[in-house]
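>>> mind folding the following:
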Amino acid sequence: MIGWEAAEEPPPQPSPASRGGGRRLALVTGGTRGIGRACAARLAGLGFDVIAAARAAPPEPLPGGVRFAALDVTDPEAVRALFAGLPQLGVLVCAAGTAGGDPAEDPGEAHWRGIMASNLDGAWRCCAAAAPILPDDGSGRVVLLASVLGLRAVPDQVAYTAAKHGVVGLARALALKLAPRRITVNALCPGWVGTAMAEARWRELGMTAGQAARGTPTGRITTAEEVAGAMAWLVGPEAGNVTGQALVLDGGATV
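Have a look, this model is predicted:
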């Protein structure tokens, strides 16, 4: 059950990676690859103890300060078990997800359910499990990885577009739910990012990274580290009163 209750008199906000004199814990789902891995590395650099949670073991050693935990966000029991073992949590970053276009003929129930389960249901499930162990002192942070397709649409990704719109809505609604506890919830909405997932999508579309870059006013695609940098700002003290927002990182493509 999600603990929405507000603290009566919350103390002043501490620095982002310390609470009670000790290092704080951050958990990143999808934290072994791509954007999730970059976020995990950035949080470790900020002084957090970081858990990179993913279905499969990391393909290469994780950055210093980051440890691996097996987690399938589509499995309710697995999520409950992992979070039940955490006494407290300072930051949750939900970066787990599945991309890809709809099947050409009939998208079908299985495709729809698979996209929703990993992108939207998984994010909601982790937020629900994390909320009771996030602090009420103004330092608790939740960052959800959405997409520019959480704010606009394309015709060949109906399921993914719907899921990412749901992630943005989830961030906005939870921001209001958790505001009395001074926990912020925000979404990141990147466009093309230079990851293996994007490369797979470019192959589906028969395009190149160069073509993707030329589709942005800045003439380049966003890096995973730039997305992690935006995340780092959102979890820091300077963004303590920023909540319910969908931050776009797409080189101006959706302006």
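>>> run through this structure and note the low-pLDDT ranges.
1-22, 105-107 (pLDDT under 70).
>>> how about the strands in it?
18-19, 22-23, 25-29, 49-54, 66-70, 91-94, 141-145, 184-190, 246-249 (DSSP state E).
>>> export the longest one to PDB, keeping only CA atoms.
Same thing as strand 184-190. Output of strand 184-190 as PDB, limited to C-alpha atoms (Å, rounded to 0.1, in the frame of the first residue of the first chain):
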ATOM      1  CA  THR A 184       8.900  15.300  -6.000                       C
ATOM      2  CA  VAL A 185       7.900  13.300  -9.000                       C
ATOM      3  CA  ASN A 186       9.000  14.300 -12.500                       C
ATOM      4  CA  ALA A 187       9.200  12.800 -16.000                       C
ATOM      5  CA  LEU A 188      12.100  13.000 -18.500                       C
ATOM      6  CA  CYS A 189      11.000  13.100 -22.200                       C
ATOM      7  CA  PRO A 190      14.000  12.600 -24.500                       C
END
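>>> list of residues touching stretch 246-255?
146, 148, 150-152, 168, 171-172, 186-192, 215-222, 226-227, 230, 234 (C-beta atoms under 8 Å, 6 or more residues apart in numbering). Every residue, glycine included, has its C-beta placed from N, CA and C.
>>> mind listing what's buried in it?
Within stretch 246-255, the residues that count as buried by 16 or more other C-beta atoms under 10 Å are Ala246, Leu247, Val248, Leu249, Asp250, Gly251, Ala253.
>>> could you find which two of those are furthest from each other?
Spatial extent of the buried residues of stretch 246-255 (C-beta to C-beta) is set by the pair Ala246 and Gly251 at 16.4 Å.
>>> measure the closest residue to Thr98 other than its chain neighbours to Ser147 for me?
Excluding the flanking residues, the one nearest Thr98 by C-beta to C-beta, 6 or more residues apart in numbering is Ser118, at 4.3 Å. Noted for Ser118: a distance of 13 Å to Ser147, by C-beta to C-beta, to the nearest Å.
>>> which of these two has more neighbours?
Ser147 (27 against 21; other C-beta atoms under 10 Å).
>>> OK, contacts around the more buried one?
Contacts of Ser147 (C-beta under 8 Å, 6+ apart): Tyr160, Lys164, Val167, Cys189, Pro190, Gly191.
>>> okay, now the third one: neighbour count?
Right, the one you point to is Val167. Every residue meeting other C-beta under 10 Å relative to Val167 is counted, giving 26.
>>> check contacts around it.
Neighbours of Val167 in contact, by C-beta under 8 Å, 6+ apart: Asn119, Leu120, Ala123, Leu144, Leu145, Ala146, Ser147, Gly150, Ala187.
>>> what number of residues lie near Gly236?
16.
>>> my bad, should have said Ala209
14.
>>> correct me, but it touches Trp202?
Yes - here Ala209 reaches Trp202: they are 6.5 Å apart, a contact under C-beta atoms under 8 Å.
>>> what sits against Gly240?
Counting by C-beta under 8 Å, 6+ apart, Gly240 touches Gln13, Gly138, Ser139, Arg182, Thr184.
>>> how near is the nearest residue to Ala212 once chain neighbours are set aside to Thr208?
Nearest residue to Ala212 in three dimensions, chain neighbours excluded: Trp192, at 4.6 Å (C-beta to C-beta, 6+ apart). Distance of Trp192 to Thr208, computed by C-beta to C-beta: 11 Å.
>>> these two: which is more packed in?
Neighbour tally, Trp192 and Thr208, criterion other C-beta under 10 Å: the higher count belongs to Trp192, 22 against 12.
>>> residue contacts, the more buried one?
Contacts of Trp192 by C-beta under 8 Å, 6+ apart are Ala198, Ala212, Ala213, Gly215, Thr216, Ile221, Thr222, Asp250.
>>> how does it look with 10 Å?
148, 198, 201-202, 209, 211-213, 215-216, 220-222, 249-251, 253 (C-beta atoms under 10 Å, 6 or more residues apart in numbering).
>>> and Leu86, by the same measure?
Leu25, Leu27, Ile51, Ala69, Ala129, Ala130, Ile133.
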